[in-house]
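J.: Pasting a predicted model and its sequence here:
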2 protein chains.
Amino acid sequence: MDKKLSTEPYKGTRDFYPEDMAVERYIFDTWAKVAESFGFERYDASILEPSELYRSKGAENEELVNEQTYTFVDRGEREVTLRPEMTPTVARMVAGKRRELSFPVRWYSIPNLFRYERPQRGRLREHWQLNCDMFGVDDVASDIEMIALGYRILLAFGASPKMFEIRVNDRTWLKLQLSDYGLSEEQMKAMLTLIDKRDKIDDFDEEAEKIAGKKVSLDFTTPNPEHRLMQVIEGLKALGIENVVISPSTVRGFSYYTGTIFEFFDTASENNRSLLGGGRYDNLTALFGGDPVSGVGFGMGDVTMRDFLETHSLLTKDVKTTAPTLAILPLDATHNLAAEVLAEEFRSAGVRTAVDLSDRKVGKKLSAASDAGVAYVIVLGEDEAASRSYALKNLGTGDETKGSAEELAKHIAR
Amino acid sequence: MDKKLSTEPYKGTRDFYPEDMAVERYIFDTWAKVAESFGFERYDASILEPSELYRSKGAENEELVNEQTYTFVDRGEREVTLRPEMTPTVARMVAGKRRELSFPVRWYSIPNLFRYERPQRGRLREHWQLNCDMFGVDDVASDIEMIALGYRILLAFGASPKMFEIRVNDRTWLKLQLSDYGLSEEQMKAMLTLIDKRDKIDDFDEEAEKIAGKKVSLDFTTPNPEHRLMQVIEGLKALGIENVVISPSTVRGFSYYTGTIFEFFDTASENNRSLLGGGRYDNLTALFGGDPVSGVGFGMGDVTMRDFLETHSLLTKDVKTTAPTLAILPLDATHNLAAEVLAEEFRSAGVRTAVDLSDRKVGKKLSAASDAGVAYVIVLGEDEAASRSYALKNLGTGDETKGSAEELAKHIAR
């Protein structure tokens, strides 16, 4: 009991003090509002998932589960993983009710996700992520809508289209382009993984030659206009979305993607990072039995989102303000209870009201309220309690207004 | 890859399909709204905490951590626990910034918490909990305010005061009453634990006698009016809160409580359970070094909250509705993109709008929209696309209104 405990959070995780939490909530609320404007419905699940959910796609995933996730065995000998991504969970849930759900299903969630790796800028051990998915639709319009949703979300934060670039690609087209090289399934997989890392490595050409056994050129031609990828780009244009480029090297890490893939990239040189990534995955629910339900979806993280907002000065001061509108300052502790009674009147009139119950002098209470960003104060002493008439001070302008609680609540509402 | 995966969530956890998620969000939003009306600011932290945070209060807690929590060792040899309660975390955070924070601090959070035990009604392995805490105030008005906050939350859900009972007690008074029995610290602890279980066991008198070495009577007298417990009750009366009883057997499980303790109990015989529990803990931050910062707080869980709302028929149908306001139904897939363009017009006018991108016939699309609880539909074919004039059908009344997107968006807003 004498040993002092550390006040630090667990490595790679964050404490959200009110000011940071306010930014986090602003991000979540904006995500939710735009997703709902598109008719998306919110869902959630536990962060605990049976580990087999992530092991199911072969050896590649075995390694991922063993080395990059929090996985442990519970006392009932069940292997449990803290979810590293949401797509397997949503596929599980859709598969579980596929006979009852009315497709197309549009779902979104804001889960926290865990990965066990060395924390670095933009990548922590725990982060939150907006996940939007549409199930049961194959039409290219669904790919277009998902990208449009991502675009509208960024604009809702005040971003302009020139602050980010939408990179699109298509796994089927990518494979078609690579088909000239006669790659085996194994070689194709290795090649896609290599292409995914292309911007991070120097010796791409050498490595590609090693895999293919011959020189590989990635100067892809533009697909013909009938190709789905070109339809995606045309469709986005019809929606007024022009900051789109074909990106042959955009692969996305997850092996479950089968068609259109997309990534939103910050164009600011100091934050040259992916903000959002997603694609079409048409076979994922088949892991749970039955006919597969096609899906298309994306994820965008809170850490990269906040970095983007800060990079482009899109976080205004009022986002971070968490102070109540009104603080009632009892002249001394004998008026604390009367202050609580008065506070109730303001609260029931819709005014966010706190009472300063500390034992410091009223002058200190006043400066604390001012420092915290409180808009109005009322000092409560003998006279005010007896007359039920109060002086409301506006800390911004210094103006004072006198009246009953009802009158002053109306004054604040105006 | 051929083995079929289960679609079940991990044992003792829940999947939140949209209808359940809507109820969950209604609960969270109501909690947040009332807490904020009292000037509480929201915070959060990771679910991962160093295990020592829960081991720090002696052997009793060792057992708790080892047997009732999810605790594992990470690959950096750190012992990690999925947080079983929020109070140690908030104490850690307050202690970590005690020199910068402006007290009194009013904070709330809605964390998910984990306990490793056999799932049963009202107790799952993962649940969410509203946590409200006030730090840096000793005055009895802070105890009163916390209880008033819990009361206002239940009333905000439409509850009437006769649906629940507020049980109050005081650890200091409890210990004073027991002081006649000359108990050692060890015996006192055992006695409090026994009193806590009083309603669940048959042989209380016997067990109490075993601990004390003599007969124990719990017919406590009412404290005198100067006692803090009576001031709490009087203060609540001043705030119009009358459904309060002194409850000598209310102890609360956590050993860190030092003064006032309280519990809200459902009065419905079929749901005879605690809805909210809390109390004053004046020494908790001392574990992190420095002078202790006094605290008073409570928690209320989502599972018991929902049971309460269902028991008293306080969950109305509209809480569960997640359907968009408007569905645009393309006559066939060739109009999908035009439908997306039209949808954008409604979304930017603030109407929640989805497009049915499925390949079924328009009659099926119409009945699916109706089943989902969509309020309005527009069928989009050649004529509508060309004329930019649409027929908006109200699925509730059957009325049809014709006009441009702008006119119809205004019609929906009215």
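T.: Perfect, thanks for sending it.

J.: Do a quick rundown of the helices in chain A.
T.: A:18-37, A:52-55, A:59-68, A:87-96, A:140-156, A:171-178, A:185-196, A:204-212, A:228-238, A:302-311, A:336-348, A:362-372, A:382-387, A:405-413 (DSSP state H).

J.: Those: lowest mean pLDDT?
T.: Lowest mean pLDDT of the helices of chain A: helix A:59-68, a mean of 74.

J.: That helix to helix A:87-96, inter-axis angle?
T.: Counting by axes from the mean of the first three to the mean of the last three Cα atoms, to 10 degrees, helix A:59-68 lies at 120 degrees to helix A:87-96.

J.: Name the residues that touch helix A:59-68?
T.: A:51, A:54-55, A:71, A:81, A:84, A:115-117, A:189, A:255 (Cβ atoms under 8 Å, 6 or more residues apart in numbering or on different chains). Using the backbone N, CA and C atoms, a C-beta is placed for each residue, glycine as well.

J.: Show me which residues of the stretch 301-414 of chain A sit near chain B.
T.: A:322-324, A:327, A:333, A:336-337, A:339-341, A:343-344, A:347, A:350-359, A:368, A:371-372 (Cβ under 8 Å from any Cβ of the partner chain).

J.: For chain B, what's the nearest residue on the stretch 1-150 of chain A?
T.: At 2.7 Å from chain B, residue A:39 is the closest residue in the stretch 1-150 of chain A, using Cβ to the nearest Cβ.

J.: Contacts only, for the residue nearest to residue A:42 when sequence neighbours are not counted.
T.: In this structure, residue A:42 finds its nearest non-sequential neighbour in residue B:21, 5.0 Å apart by Cβ to Cβ, 6 or more residues apart in numbering or on different chains. Applying Cβ under 8 Å, 6+ apart, we find residue B:21 in contact with A:41-44, B:322.

J.: redo that, cut-off 10 Å
T.: Neighbouring residues of residue B:21 by Cβ atoms under 10 Å, 6 or more residues apart in numbering or on different chains: A:41-45, A:107, A:109, B:15, B:320, B:322.

J.: most surrounded residue in those residues?
T.: Within the contacts of residue B:21, most neighbours by other Cβ atoms under 10 Å in any protein chain shown means residue A:43, with 27 neighbours.

J.: Now residue A:294. Nearest residue, chain neighbours left out?
T.: Leaving aside its chain neighbours, residue A:294 sits nearest to residue A:282 (4.2 Å; criterion: Cβ to Cβ, 6+ apart).

J.: so the one you found makes contact with residue A:297?
T.: No. In this structure residue A:282 lies outside contact range of residue A:297 using Cβ atoms under 10 Å: 11.7 Å.

J.: which of the two has more neighbours?
T.: Using other Cβ under 10 Å, the more surrounded residue of residue A:282 and residue A:297 is residue A:297, with 23 against 16.

J.: For that one, list each beta-bridge partner.
T.: Beta-bridge pairing of residue A:297, defined through DSSP bridges, involves residue A:133, residue A:279.

J.: Next one: it from residue A:381, what distance?
T.: Taking Cβ to Cβ, to the nearest Å as the measure, residue A:297 falls 60 Å from residue A:381.

J.: now do residue A:274
T.: 59 Å.

J.: Spit out the contact partners of residue A:92.
T.: By Cβ under 10 Å, 6+ apart, residue A:92 lies in contact with A:45, A:49-50, A:53, A:284-285, A:287-288, B:5-9, B:15.

J.: please redo it, this time with the cut-off set to 6 Å
T.: residue B:7 (Cβ atoms under 6 Å, 6 or more residues apart in numbering or on different chains).

J.: now swap in the one 5 residues further on and tell me
T.: The contact partners of residue A:97, by Cβ under 6 Å, 6+ apart, come to none.

J.: Could you do the one 3 residues further on as well?
T.: With contacts taken as Cβ under 6 Å, 6+ apart, residue A:100 has no neighbouring residues.

J.: per-residue pLDDT, it?
T.: In this prediction residue A:100 is given a pLDDT of 92.

J.: Ok, residue A:3 next?
T.: On the pLDDT scale, residue A:3 is placed at 68.

J.: And for residue A:213?
T.: So residue A:213 comes in at 89 (pLDDT).

J.: gap between it and chain B?
T.: Distance, residue A:213 to chain B, using Cβ to the nearest Cβ, to the nearest Å: 28 Å.

J.: Look at that residue and say how many residues are nearby.
T.: Neighbourhood size, residue A:213 [other Cβ under 10 Å]: 11.

J.: And it, how close does it get to residue B:211?
T.: 80 Å.

J.: likewise residue A:74?
T.: Residue A:74 is 35 Å from residue B:211, by Cβ to Cβ.

J.: May I ask you to confirm that residue A:325 is in contact with residue A:375?
T.: Yes. At 5.1 Å, residue A:325 counts as touching residue A:375 under the criterion of Cβ atoms under 6 Å.

J.: residue contacts, residue A:325?
T.: So residue A:325 contacts A:351-352, A:375 (Cβ under 6 Å, 6+ apart).

J.: again, only using 8 Å
T.: Shown in contact with residue A:325 (Cβ under 8 Å, 6+ apart): A:351-353, A:374-376, A:412.

J.: Quickly name whichever of these is closest to residue A:34.
T.: Distance to residue A:34 across the contacts of residue A:325 (Cβ to Cβ) is lowest for residue A:352, with 25.9 Å.

J.: How confident is the prediction for the closest one, by pLDDT?
T.: Predicted confidence (pLDDT) for residue A:352: 97.

J.: Enumerate the residues of the stretch 101-250 of chain A near chain B.
T.: Remark: the part of the stretch 101-250 of chain A in contact with chain B comprises A:102-104, A:106-107, A:112, A:114, A:116, A:125-126, A:134, A:136-142, A:144-145, A:148, A:152, A:235, A:238-240, using Cβ under 8 Å from any Cβ.

J.: Could you rerun that using 6 Å?
T.: By Cβ under 6 Å from any Cβ of the partner chain, the residues of the stretch 101-250 of chain A that approach chain B are A:102, A:104, A:126, A:137, A:139, A:141-142, A:145, A:235, A:238.

J.: Buried subset of those as a PyMOL selection?
T.: To isolate in PyMOL the members of those that are buried, counting by 16 or more other Cβ atoms under 10 Å in any protein chain shown, one can use:
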select buried, chain A and resi 104+126+137+139+141+142+145+235
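
J.: Going by distance to residue B:231, which of the residues of the stretch 101-250 of chain A next to chain B wins?
T.: Nearest to residue B:231 among these is residue A:126, at 42.9 Å by Cβ to Cβ.

J.: So that closest one sits against residue A:114, correct?
T.: Yes. Using Cβ under 6 Å, residue A:126 is in contact with residue A:114, at 5.5 Å.

J.: Just give me the neighbour total for residue A:56.
T.: Residue A:56: 18 neighbours (other Cβ under 10 Å).

J.: List the residues that contact residue A:297.
T.: A:132-133, A:278.

J.: Pipe those into TSV and attach neighbour count, distance to residue A:219 and pLDDT per row.
T.: Below are those laid out as TSV (neighbours: other Cβ atoms under 10 Å in any protein chain shown; distance: Cβ to Cβ, whole Å; pLDDT from 0 to 100):
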residue	neighbour count	distance to residue A:219	pLDDT
A:132	26	33	98
A:133	25	34	98
A:278	27	26	96
